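S.K.: Quick one, what's the 3D model for this:
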Amino acid sequence: MHFTPASGVAQASTRIRLAKTQNIVALAEMSDGSFRRETVEVKVTIGGCGG
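M.R.: Numbers count the residues shown, from 1 in each chain. Below is the predicted model:
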């Protein structure tokens, strides 16, 4: 995926299925060539209903 200033506000999304709790990492290259990295822990519950 490539975003340019002509793209306006950049946004991307994805859907993934996880078998267990784990860290998800997103990496983005900014328009000035720098990089941003964010990590978040996603907790997975049995059955997916919070129980």
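S.K.: Report the secondary structure state of residue 25.
M.R.: Under DSSP: H, G, I helix; E, B strand; the rest coil, residue 25 falls in the strand class.
S.K.: how far away is it from residue 36?
M.R.: 11 Å (CB to CB, to the nearest Å). Every residue, glycine included, has its C-beta placed from N, CA and C.
S.K.: And for residue 46?
M.R.: Residue 46 sits at a distance of 33 Å from residue 36 (criterion: CB to CB).
S.K.: And residue 8, by the same measure?
M.R.: Using CB to CB, residue 8 is found at 18 Å from residue 36.
S.K.: what's the neighbour count on residue 10?
M.R.: Using other CB atoms under 10 Å, residue 10 has 13 neighbouring residues.
S.K.: shaky segments in the protein?
M.R.: For the chain, the stretches with pLDDT under 70 are 1-3, 7, 48-51.
S.K.: Which parts of it are strands?
M.R.: For the chain, applying DSSP state E gives strands covering 22-29, 35-42.
S.K.: out of those, deepest packed?
M.R.: Of all the strands of the chain, strand 22-29 carries the top mean neighbour count, a mean of 10, counting by mean count of other CB atoms under 10 Å.
S.K.: Alpha carbons of that strand, as CSV, please.
M.R.: Provided in CSV are the C-alpha atoms of strand 22-29 (Å, rounded to 0.1, in the frame of the first residue of the first chain):
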residue,chain,number,x,y,z
GLN,A,22,-0.3,-11.7,21.8
ASN,A,23,1.2,-8.4,20.8
ILE,A,24,0.2,-6.9,17.5
VAL,A,25,2.7,-4.5,15.9
ALA,A,26,2.0,-1.8,13.3
LEU,A,27,4.8,-0.1,11.4
ALA,A,28,4.2,3.0,9.2
GLU,A,29,6.6,5.1,7.1
